[in-house]
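Student: what's the 3D shape of this:
(chains A and B)
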Number of protein chains: 2
Amino acid sequence: MERDPATLFKTIKTLLEQKRYTTLRDILNTMNPVDIAAVFEDLQSEKTALLFRLLPKETAAETFVEMDEETQEILIHGFSDSELKELIDEMYVDDAVDLIEEMPANVVKRILRQADPETRKEINEILKYPEDSAGSIMTTECVILRPKMTAEEAIKRIRRTGIDKETIYTCYVSDSSSTLIGIVTIKTLLLCEDDEVIENIMETHVISVNTLDDQEVVAQMFNKYNFLALPVVDGENRLVGIVTVDDAIDVMEEEATEDIQKMAAITPTTDKPYDRIGVFETFLARIPWLLILMISATFTGMIITGYEDALTNSSAVYLTAFIPMLMDTGGNSGSQSSVTIIRALSLGEIEFKDIFKVIFKECRVALLCGVALAAVNFAKLTLFDGIILHNTDVTPWVALVVCLTMVVTIFIAKLVGCTLPMIAKKIGFDPAVMASPFITTIVDAISLFVYFQFATYMLNVHV
Amino acid sequence: MERDPATLFKTIKTLLEQKRYTTLRDILNTMNPVDIAAVFEDLQSEKTALLFRLLPKETAAETFVEMDEETQEILIHGFSDSELKELIDEMYVDDAVDLIEEMPANVVKRILRQADPETRKEINEILKYPEDSAGSIMTTECVILRPKMTAEEAIKRIRRTGIDKETIYTCYVSDSSSTLIGIVTIKTLLLCEDDEVIENIMETHVISVNTLDDQEVVAQMFNKYNFLALPVVDGENRLVGIVTVDDAIDVMEEEATEDIQKMAAITPTTDKPYDRIGVFETFLARIPWLLILMISATFTGMIITGYEDALTNSSAVYLTAFIPMLMDTGGNSGSQSSVTIIRALSLGEIEFKDIFKVIFKECRVALLCGVALAAVNFAKLTLFDGIILHNTDVTPWVALVVCLTMVVTIFIAKLVGCTLPMIAKKIGFDPAVMASPFITTIVDAISLFVYFQFATYMLNVHV
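Tutor: Prediction:
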């Protein structure tokens, strides 16, 4: 059922120019709101309002939600007050909140003025939760049942009120004080007898999150428990909303992208896709870490400067040729550990209390890796460089210095690589920032220092 | 509702030793199958079978599915044939397939012998699809409706057959030749009039995937369209199964982890969590790339060796002190680009056809980054090193050589960083392998070459 988006876009543009609105409407009716939104984003601004009015009310709201904020803002500016009101009424509350969070202040005012009082209250309720908390991504619209209802009454209630709810597949049972006492899925309701009482068929051991829990925790729960929706409760276990799986998926992708960006020394500033971020914005996201890491790398250079005279006077400048290999291997070893640990922390596989287990494991892996690489390297240096290439600089002693440095470097790299992210998490920093580039810089300096120390003691290099 | 897992585990172990099975059953009944599975994984083997028999049939199957393969295998060995049969009957077909894929051959034979003929046929059907294809992760159990049914008849059918289906929330409408002609959600069915005919209320523009599509494509569709389930069709558009959102989430997390591992030069070999992978397995996943990268880094060293005499003879050994900074900055710039592009490719945000747009953008970002870093560096070198530290080696000409090298290095790093992953994807390789460590090695060599070239032409360094 997939069509080439480029061809489709051209067809729609042509039809719009020819003002063939009936055909246009027929085509739009066959499309998923996500794909319609993509068409809007690519269209010229003056045509969007026209095209938007061709969409049926419900599709219009679903499409609007999927658009990027620029297109949304253009459309809102073109709306009459009553058109805006209709749109807000049709949207789910969590989507309305997302919209408000992205719009400039004057547009926000206009949106809130058009929302009916009930919706406005719900929007303001959600807006007060901190960014990236469970409360900020939840919706307040869910089906609430009472414990004494029968299955038949429950289904009647769902049929009456379900149209406005984001999901009807999981229903929440609360008592008179709004305390969440159980959940029941519509599957259970449909598959049981009509006269079963809710409190007898509901699941009473409900897993929920608190409004202030981090959205990453919410995503982890969905990943772990395969939920379609997760109830959000306040400090007194009162049901205040639900998070649905589609929003949890967005959080998962967002968090994974953020982790990946931080691991690559990019400041995550936006959740826009690559092709929608400008050159300058990209520059701003990348330059801070490049600057910090450039400046810290000069310290590594200072270590070389410190041994410069010794290297020259002892005719040991050839030792500098091994620096890239030692630095790169240290950096790679460190980033293997740090990235593995950061990902495991993100997925909730390990916690700070596991730190000694983790260190013990990484140390053993480091020794295995270090010895294996050093052995290969020693063989390469003595056989290939020494015997075949007749490189007289590379004596077995030089090879030994390089290989010993390698073992120590890998050991330190993996140790630093696994501990820093865990400590960062513990003291409330983002572990992902402690990733490869940062650790590379530390490991570089340490490995050079170790290298020159070994050289000083084991070779004729005199400081 | 969360309890400390360690305390809970201790309680369960004590109760098991005291043989207090009724209390144990009551506690297990309050727990989510995912959490019960975790208890089983931590228990000693001889107790697991005993504890497993305390679980109600349905919970038992759900719990079993969540366990790691070692625990599953131990349990199966302890099962009688009839217990095994009961378990297989209770499991969803896709879960049974997952189990079979992980068990050794003799266990697989036993499982297939116990499955009823219908289930065995369905299992074999799914098993024939290639690994990581849509077919391999789908389930064949879904609610299928006919176009002429009324909503009331449809709901009756769901109530009759729904118990065995993995989801009843999206129902699939097919004609007599099994061709998928529409979908209808249970929300629509419940909210419409009883006598509405399915073909009038079903959504006919169905988005589906082919059995052979990659699972990553499936995950992207869920991410893009917010589905709860996605139909899988064969070449003739016949419905053969569905993928549910929980399986799509697993794929998303798996793919993100794999990408992250590859970016950090780790061979992804397993989807087990960090704390379940042994030291030697971890070593094996990390050593191949460390070896390859170590050997390729020796080429970078060779470039230094090539200029060694020139540096010594011209008393320009001080130039080596800038090598770490240039190499690190190049590596970081390159990995920023490559990682960004790899993630965008994974999420389907860009494709190969966008390569020139991407290159153009990355080049502009590279120039901005290069000029900014070079400017800071020039100021630092002339003011701090030159004037304040009175380092006579660092003349403005030396600073210029370092800064020019930096601009060129960053430019090349970003160019290589964005093109290699896209080309890799185009020719069928995994773009994630073209990530930071690989690109760092290439960029190291180029930047050193450029550095020494500039030094030769602009300073008194004679080769």
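Student: from A:M325, how far off is A:R110?
Tutor: Separation of A:R110 from A:M325 (CB to CB, to the nearest Å): 62 Å. Any C-beta I mention is one placed from the backbone N, CA and C, and that applies to glycine too.
Student: of those two, which one has the most company?
Tutor: Between A:R110 and A:M325, A:M325 has the larger neighbour count (other CB atoms under 10 Å in any protein chain shown), namely 25 against 15.
Student: so who does the residue nearest to A:G417 when sequence neighbours are not counted touch?
Tutor: Sequence neighbours aside, A:S337 is the residue nearest to A:G417 in space, at 3.2 Å (criterion: CB to CB, 6 or more residues apart in numbering or on different chains). Counting by CB atoms under 8 Å, 6 or more residues apart in numbering or on different chains, A:S337 makes contact with A:E362, A:V365, A:A366, A:A413, A:K414, A:G417, A:C418.
Student: would you mark the buried spots in the helix or strand harbouring the second one?
Tutor: Assigning secondary structure by DSSP states H and E places A:V365 in helix A:355-379. When burial is assessed from 16 or more other CB atoms under 10 Å in any protein chain shown, helix A:355-379 yields the following buried residues: A:355, A:358-359, A:361-362, A:364-370, A:372-374, A:376-378.
Student: any residues touching it, and which ones?
Tutor: By CB under 8 Å, 6+ apart, the residues outside helix A:355-379 that reach it are A:325, A:329, A:333, A:337, A:341, A:350, A:399-400, A:402-404, A:406-411, A:413-415, A:417-419, A:422-423, B:274-275, B:279-280, B:282-283, B:286-287, B:290-291, B:294-295.
Student: returning to what we had before: isn't there a helix covering the residue nearest to A:G417?
Tutor: Yes. Assessed with DSSP: H, G, I helix; E, B strand; the rest coil, A:S337 lies in a helix.
Student: surely A:I168 is within a helix?
Tutor: No. Assigned with three-state DSSP, A:I168 falls outside any helix and is coil.
Student: what's the neighbour count on it?
Tutor: Residues lying near A:I168 (other CB under 10 Å) number 24.
Student: quick one, what contacts it?
Tutor: Contact partners of A:I168, counting by CB under 8 Å, 6+ apart, are A:V143, A:I158, A:G162, A:I186, B:K187, B:L190.
Student: and the third one, helix, strand or coil?
Tutor: Put plainly, it is A:G162. helix.
Student: relative to B:C192, how far out is it?
Tutor: The gap separating A:G162 from B:C192 is 11 Å, by CB to CB.
Student: list the contacts of stretch A:290-301.
Tutor: A:265, A:327, A:437-438, A:441, A:444-445, A:448, B:321-325, B:328-329, B:332-333, B:336, B:369, B:372-373, B:376-377, B:380.
Student: the longest helix in chain A is where?
Tutor: Here the longest helix in chain A is taken by residue count, with DSSP state H as the criterion, and it is helix A:279-313.
Student: tilt between that helix and helix B:279-313?
Tutor: Taking axes from the mean of the first three to the mean of the last three CA atoms, to 10 degrees, helix A:279-313 and helix B:279-313 form an angle of 70 degrees between their directions.
Student: is the residue nearest to A:Q261 when sequence neighbours are not counted in a helix, a strand, or coil?
Tutor: Spatial nearest neighbour of A:Q261, chain neighbours left out: A:P268 (4.5 Å); criterion: CB to CB, 6+ apart. Of the three states, A:P268 takes coil under three-state DSSP.
Student: residues in contact with A:P268?
Tutor: Per CB under 8 Å, 6+ apart, neighbours of A:P268: A:T257, A:E258, A:Q261, A:K262, A:A285.
Student: can you flag which of the contacts of A:I168 belong to helices?
Tutor: A:I158, A:I186, B:K187, B:L190.
Student: tally of neighbours for the third one?
Tutor: With neighbours defined by other CB under 10 Å, the count for B:K187 comes to 19.
Student: against A:T395, how distant is it?
Tutor: Relative to A:T395, B:K187 is positioned 78 Å away (CB to CB).
Student: ok, A:L190 touching B:R157?
Tutor: No. Using CB atoms under 8 Å, A:L190 makes no contact with B:R157, being 10.9 Å away.
Student: who has more neighbours, those two?
Tutor: Comparing A:L190 with B:R157 by other CB under 10 Å, the one with more neighbours is A:L190, at 19 against 16.
Student: pLDDT score for the more buried one?
Tutor: Confidence at A:L190, expressed as pLDDT, is 89.
Student: for the one 4 residues further on, same thing?
Tutor: If you check A:D194, the pLDDT there is 89.
Student: next, it: phi, psi?
Tutor: A:D194 adopts backbone torsions of phi -60, psi -30, taken as degrees, to the nearest 10.
Student: residue contacts, it?
Tutor: Contacts here follow CB under 8 Å, 6+ apart; on that basis A:D194 touches A:T150, A:A151, A:E152.
Student: next, name the residue at the spatial heart of chain A.
Tutor: In chain A, the centroid-proximal residue (CA atoms, centre = their mean) is A:E255; its distance is 1.3 Å.
Student: in three-state terms, label that residue for me.
Tutor: Per three-state DSSP, A:E255 ends up helix.
Student: gap between it and chain B?
Tutor: Computed as CB to the nearest CB, to the nearest Å, the A:E255 to chain B distance reads 9 Å.
Student: ok, and the closest non-adjacent residue to that residue?
Tutor: Using CB to CB, 6+ apart and skipping the chain neighbours, the partner closest in space to A:E255 is A:E216 (5.3 Å).
Student: buried set for the strand or helix carrying the one you found?
Tutor: In this structure, A:E216 sits in helix A:215-225 according to DSSP H and E. For helix A:215-225, the neighbour count (16+ other CB under 10 Å) marks A:Q215, A:E216, A:V218, A:A219, A:Q220, A:M221, A:F222, A:N223, A:K224 as buried.
Student: A:L230 contacts A:V218, doesn't it?
Tutor: Yes. At 6.5 Å, A:L230 counts as touching A:V218 under the criterion of CB under 8 Å.
Student: sweet, I'm off.
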